[in-house]
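1. Need the 3D shape of this:
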Amino acid sequence: MAGQYGATRMGYEAQLFLGTAGSTPTAQMTNCVDLDYNMDPDMGDTSTRGDGTSVPVATEKVTGLKPEITFKALNRPADTILVAMLAAAFSGAAMAARTKSYSSGKGYDGDVNVKVKQGTPLKGEATWEFTLTANDQLRDPSVWV
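-> Here you go, the predicted structure:
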């Protein structure tokens, strides 16, 4: 039975699709351990002196949005999407990314730059940790579609 706010979504329901830059990707990255979609706004200071009778209150306004997608993938050399991600990261090529908070949910759709970090713990699985940031060379990013 759903609570007053409806069904609670679980993390495993989120989806990540990756593909060729310039178009919406359709290949789902199922070798995805942890997935985060972050929005970090740039802020411009809008504080004013006021009438001088009280200390000014610092205010700001959003001047830009910085979407970022981070995720880990298990080191599975036969995973073709992982191989493509690594090729993009080590060559500086852009890729397309699409996130959804669940199958019909909203998220990011756009091309991305690919950063990678290799994780090789002594007592754990080997992973690749990816950070994706917006790239507008072939299409404009959409941050909540």
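2. Pull up the pairing partners for the biggest strand by length in the chain, direction included.
-> Ranked by residue count and defined by DSSP state E, the top strand of the chain is strand 60-74. Strand pairing for strand 60-74, determined by DSSP bridges: strand 35-45 (antiparallel), strand 127-135 (antiparallel).
3. Make TSV out of the ones you listed and add distance to residue 111 and mean neighbour count.
-> (Glycine included, C-beta is placed from N, CA and C.) Conversion of the strands paired with strand 60-74 to TSV gives the following (distance: least, CB to CB, whole Å; neighbours: other CB atoms under 10 Å):
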stretch	distance to residue 111	mean neighbour count
strand 35-45	15	13
strand 127-135	4	20
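4. Give me the pLDDT value at the residue nearest the centre of the chain.
-> For the chain, the residue nearest the mean C-alpha position is residue 69 (1.6 Å; CA atoms, centre = their mean). pLDDT, residue 69: 98.
5. With residue 56 instead?
-> Looking at residue 56, its pLDDT stands at 95.
6. Please, which helix or strand holds it?
-> For residue 56, there is no host helix or strand (DSSP states H and E).
7. Would you check that it makes contact with residue 46?
-> No. With contact defined as CB atoms under 8 Å, residue 56 does not count as touching residue 46 (10.8 Å).
8. Over to the most far-flung residue of the chain relative to its centre. Which of the three states is it?
-> In the chain, the greatest distance from the average C-alpha position (CA atoms, centre = their mean) is reached by residue 53, at 44.9 Å. Going by DSSP: H, G, I helix; E, B strand; the rest coil, the secondary structure assigned to residue 53 is coil.
9. returning to what we had before: out of the strands paired with strand 60-74, which comes closest to residue 10?
-> Closest of these to residue 10 is strand 35-45, at 12.2 Å (criterion: CB to CB).
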